[in-house]
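Peer 1: only geometry, no sequence info:
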């Protein structure tokens, strides 16, 4: 199945154990490979940001390779 990045922006992100992390804001591209390296997520109010890597804007920086399912929500396999 193909998805465009624009279709994913604004989607809810949750862990595989059901914790809501926030909403997809943007993506980071590895310019040496052309592949997507990270997903930038605007964190939800209940997210303990200290448990995750974040950027200067406070967005969670999650590895793209952790993305497991894309339907109504995006499921990330994240070990905290």
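Peer 2: Great, that's in hand. Here the structure is a predicted model, which means the values were calculated and not measured.

Peer 1: out of everything not next to it in sequence, what's closest to residue 16?
Peer 2: What sits nearest to residue 16 in space, not counting adjacent residues and going by C-beta to C-beta, 6 or more residues apart in numbering, is residue 77, at 5.1 Å. Glycine gets a C-beta too; all of them are placed from N, C-alpha and C.

Peer 1: Counting neighbours, what do you get for that neighbour?
Peer 2: Taking other C-beta atoms under 10 Å as the criterion, the count of residues near residue 77 is 14.

Peer 1: do the same with residue 62
Peer 2: 25.

Peer 1: in the chain, which spans are strands?
Peer 2: In the chain, the strands defined using DSSP state E lie at 12-15, 20-29, 36-43, 60-63, 67-70, 73-76.

Peer 1: surely the residue nearest to residue 16 meets residue 68?
Peer 2: Yes - with contact defined as C-beta atoms under 8 Å, residue 77 counts as touching residue 68 (5.0 Å).

Peer 1: if I pick the closest residue to residue 35 other than its chain neighbours, what's in contact with it?
Peer 2: Spatially, and ignoring its direct neighbours in sequence, residue 35 is nearest to residue 29 (7.2 Å; C-beta to C-beta, 6+ apart). Neighbouring residues of residue 29 by C-beta atoms under 8 Å, 6 or more residues apart in numbering: 35, 36, 37.

Peer 1: separation between the residue nearest to residue 16 and residue 32?
Peer 2: For residue 77, the distance to residue 32 (C-beta to C-beta, to the nearest Å) stands at 25 Å.
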